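Undergrad: sequence? don't have it. structure:
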């Protein structure tokens, strides 16, 4: 594909682009506060990745590396990625951008955990993600899906 | 109000009632599996509470008591309740049932954490819930709201 997944910068332009996405919440407000109070530099690295078409951000996701000591999902326990807020703007959906984002996440070679809406489970299953065995203490009402790289299996509880 | 909040039983009737609610996912599937494989008794206690009108379950929520050693939200650190899947069936909304459920949760006298959809934040604020200071390591894209009983404040990180 012609357009690459880029690591986004924290700046007012990025936050303005974020307002077009549906899942805007406390995290984005917090990024704005940090910019305004100079707790982060304008143009610092963010945990977000995205795809630009020209100047327009049309897809984004948050990737966050969790330390192995918090790993309750994978065997052997190891560092893994949590992926959230994967979203492609409506008029750009069904064109492979979401899949490209997920492939980018997989390219780190780490297991991935995500907690998508139930309605999107078909997409995630096509991308090779699987259900975990529900554990109330760990999952607390979530519907987590995980991706296992070769040699990694489900952690049993 | 005439109808009281009841502790729900895990049985096939309850699971059938659950199918009317929007947020049905891995947790409910797991309860069904447990019933079918006799891992739980038909009529065991569930983590769900609800309101019946006659034989019909019209509201439900999951309440789960987390141990103080996992508490990253409250000062002093203490046991707290996680509340999820609060839902009132559409034709019974705006009649105070949701508020009654939340008041029931508060009646345990423990702090409460929930992670509702952003669109429902007005309801939660009316119920006395407040935003936390976003912490990516802890909150990972969530929009948690909390309720502080008297003498409890936000845990600082």
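TA: Okay, I see it. Computed from a prediction, not measured in an experiment: that's the story for all the values here.

Undergrad: low-confidence ranges in chain A?
TA: Low-confidence segments of chain A, defined by pLDDT under 70: A:1-2.

Undergrad: up against chain B, what does it have?
TA: Taking C-beta under 8 Å from any C-beta of the partner chain as the measure of proximity, chain A contacts chain B at A:23-27, A:29-30, A:47, A:62, A:64, A:82, A:84-85, A:118, A:131-134, A:136, A:139-144. In this view, the C-beta of every residue, glycine as well, is placed from N, C-alpha and C.

Undergrad: in chain A, which spans are strands?
TA: Using DSSP state E, the strands of chain A run over A:5-10, A:44-53, A:56-66, A:74-75, A:80-88, A:112-114, A:130-131, A:145-147, A:153-154.

Undergrad: nearest spatial neighbour of residue A:79, skipping sequence neighbours?
TA: Of all residues not flanking residue A:79 in the chain, residue A:68 sits nearest, at 5.0 Å (C-beta to C-beta, 6 or more residues apart in numbering or on different chains).

Undergrad: ditto for residue A:12
TA: residue A:35 (6.8 Å).

Undergrad: what's near enough to touch that neighbour?
TA: For residue A:35, the contacting residues are A:10-12, A:15, A:42, by C-beta atoms under 8 Å, 6 or more residues apart in numbering or on different chains.

Undergrad: from chain B, how far out is it?
TA: 13 Å (C-beta to the nearest C-beta, to the nearest Å).

Undergrad: ok so, going back, so how do I select the buried members of the residues of chain A next to chain B in ChimeraX?
TA: ChimeraX command restricting the residues of chain A next to chain B to the buried ones, with burial defined by 16 or more other C-beta atoms under 10 Å in any protein chain shown:
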select /A:23,24,25,26,27,30,47,62,64,82,84,85,131,132,134,139,140,141,142,143,144
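
Undergrad: among the residues of chain A next to chain B, name the ones in helices.
TA: If you go by DSSP state H, the residues of chain A next to chain B have A:26-27, A:29-30, A:136, A:139 in helices.

Undergrad: residue A:139 contacts residue A:131, correct?
TA: No. The criterion here is C-beta atoms under 8 Å, and residue A:139 misses it with residue A:131 at 10.6 Å.

Undergrad: common neighbours of those two, please.
TA: residue B:26.

Undergrad: list the residues that contact the residue nearest the centre of chain A.
TA: Here the mean C-alpha position of chain A is nearest to the C-alpha of residue A:83 (C-alpha atoms, centre = their mean), at a distance of 2.7 Å. Neighbouring residues of residue A:83 by C-beta under 8 Å, 6+ apart: A:61-64, A:102, A:105, A:112-114.

Undergrad: cool, residue A:67 as well?
TA: Residues in contact with residue A:67, defined by C-beta under 8 Å, 6+ apart, are residue A:79.

Undergrad: just to revisit the earlier point, can you add distance to residue B:94 and give the contacts of residue A:83 back as TSV?
TA: Shown next, in TSV, are those (distance: C-beta to C-beta, whole Å):
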residue	distance to residue B:94
A:61	35
A:62	34
A:63	39
A:64	38
A:102	39
A:105	41
A:112	40
A:113	37
A:114	34
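
Undergrad: please name the bridge partners of the residue nearest to the centre of chain A.
TA: Beta-bridge partners recorded for residue A:83 (DSSP bridges): residue A:63, residue A:114.

Undergrad: measure it to residue B:137 for me?
TA: Distance, residue A:83 to residue B:137, by C-beta to C-beta, to the nearest Å: 15 Å.

Undergrad: residue A:108 too?
TA: Distance from residue A:108 to residue B:137, counting by C-beta to C-beta: 18 Å.

Undergrad: with residue A:25 instead?
TA: 17 Å.

Undergrad: can you check residue A:105 too?
TA: Residue A:105 sits 19 Å away from residue B:137, taking C-beta to C-beta as the criterion.

Undergrad: which one of the two is surrounded by more residues?
TA: residue A:105 (19 against 11; other C-beta atoms under 10 Å in any protein chain shown).

Undergrad: quick check: that one touching residue A:112?
TA: Yes. Assessed by C-beta under 8 Å, residue A:105 is found in contact with residue A:112 at 5.7 Å.

Undergrad: overlap in contacts, the two.
TA: A:81, A:83.

Undergrad: picking that back up, show me which pair in the contacts of residue A:83 is furthest apart.
TA: Within these, A:64 and A:102 form the most distant pair, 15.1 Å apart (C-beta to C-beta).

Undergrad: distance of residue A:38 from chain B?
TA: Distance from residue A:38 to chain B, by C-beta to the nearest C-beta: 17 Å.
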